[in-house]
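Participant: Below are the sequence and a predicted model; questions follow.
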Amino acid sequence: MRKGTVRCFTFFNIIVLFFVISACGAYGLGSGDSLIVADFFGMPGDTVVDSVIAVNPYPLEGFDFRLVYDSTLLTPLVVSPTARTDYFLTWVPTLSGNGWLYLMAFTDDLYGGGSRPPLPAGEGAVAYIVFLVSSDAEIDSVCDIKFESAPHQNNSFVDTSFKWIFPSLRDGQFTVGPSGVDNTTDCIMPNSFSLSQNYPNPFNATTAISYQQSAISNQLSADGGRSSAVTLRVYNIAGQLVRTLVDERQGVGNHSVLWDGKNGEGEEVGSGVYIYKLRVGDRVFSRKMVLLR
């Protein structure tokens, strides 16, 4: 495809894509590779984020997977790229309210003359799935998040020779209840300093981010404990700065700031998972939020 050509992906394109892959390479079995659904936790009514992890000892031009889950406990809201896959040109998620979801993602090189490199060999999350936990869910309820086993090609890698490869599959599990580990923080924080989950979450227009500082967290500041240098920034899932919301000295107390889903240039950003990070001195809190357009 020549430079400057407008790329438009339709259902017909996707069907043709599968024929292209089939023609270029036969099916193969993976070796030392896998697709993994991470275990995760959440309280009734929470918005939770799960990860699908790829272990690929070779570069990939694409991947796809189909998952099944208990739709009485979980409702899928969005499937978002990660820092490994945010540049994939074709990103086609299909979400269902009756217990399954499907994602197909490819670079543009499958169409010939593409400029985007394959996914490097490595290990890490390739997709984030945002679920809403049922408000009627009972604490300690458990459901499996499983890769659908048939048809087999629903869970596959595509290598740089455009051959479908079937990695090993490892299912995950969702448990209703607290995780026991606060994995939203970058470091352990004292009780004197806290960052709240944004509200509403998910959101599609404006969301509020609140945080609290006590006198203890300010006791080492230059003005004797009356204020601290505070920054609050929003990043995309690739770790790129989207917007700085706060960059100033602030005093003890409760603080709240609104984010309108726009970047530093005043442009609306797309749906997906974003990270907001609060820094006070050398201490940091971070949490995830979901924007739905």
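Facilitator: In hand now; what should we look at?
Participant: tell me the contacts of the nearest residue to residue 100 once chain neighbours are set aside?
Facilitator: If the residues on either side of it in the chain are set aside, residue 100 comes closest to residue 68, at 4.8 Å by Cβ to Cβ, 6 or more residues apart in numbering. Heads up, the C-betas are built off the backbone N, CA and C, glycines and all. Going by Cβ atoms under 8 Å, 6 or more residues apart in numbering, residue 68 touches 99, 100, 145, 146, 148.
Participant: which regions of this protein sit below the pLDDT cut-off?
Facilitator: By pLDDT under 70, the low-scoring segments of the chain are 1-31, 108-115, 150-153, 179-193, 214-227.
Participant: how's it carved up into domains?
Facilitator: 11-176, 193-291 (automatic domain parsing).
Participant: and the residue nearest to residue 100, backbone torsions?
Facilitator: Backbone torsions of residue 68, given as degrees, to the nearest 10, read phi -120, psi 150.
Participant: In space, not sequence, find me the middle residue of this protein.
Facilitator: residue 128 (3.2 Å; Cα atoms, centre = their mean).
Participant: Packing partners of whichever strand or helix holds that one?
Facilitator: Using DSSP states H and E, residue 128 sits in strand 122-133. Packing partners of strand 122-133 (3 or more Cβ pairs under 8 Å, 6 or more residues apart in numbering; DSSP states H and E): strand 47-56, strand 60-68, strand 74-81, strand 100-106.
Participant: mind checking how far residue 165 is from residue 57?
Facilitator: According to Cβ to Cβ, to the nearest Å, residue 165 and residue 57 sit 10 Å apart.
Participant: Distance check, residue 157 against residue 51.
Facilitator: Taking Cβ to Cβ as the measure, residue 157 falls 17 Å from residue 51.
Participant: So for these two, which sits in the more crowded spot?
Facilitator: residue 157 (25 against 17; other Cβ atoms under 10 Å).
Participant: Now do the contacts for that one.
Facilitator: Going by Cβ under 8 Å, 6+ apart, residue 157 touches 30, 33, 54, 56, 60, 62, 63, 164, 165, 166, 167.
Participant: Repeat the analysis, applying 7 Å as the threshold.
Facilitator: 30, 33, 56, 60, 63, 165, 167 (Cβ atoms under 7 Å, 6 or more residues apart in numbering).
Participant: Ok, residue 87 next?
Facilitator: Counted by Cβ under 7 Å, 6+ apart, residue 87 has contacts residue 116.
Participant: What is the three-state secondary structure of it?
Facilitator: Following DSSP: H, G, I helix; E, B strand; the rest coil, residue 87 is assigned to coil.
Participant: one step back: hey, which of the helices and strands packed on strand 122-133 is tucked in deepest?
Facilitator: For these, the largest average neighbour count (mean count of other Cβ atoms under 10 Å) is found in strand 60-68, namely a mean of 23.
Participant: Tell me the gap between it and the middle of its chain.
Facilitator: 15 Å (Cα atoms, centre = their mean, to the nearest Å).
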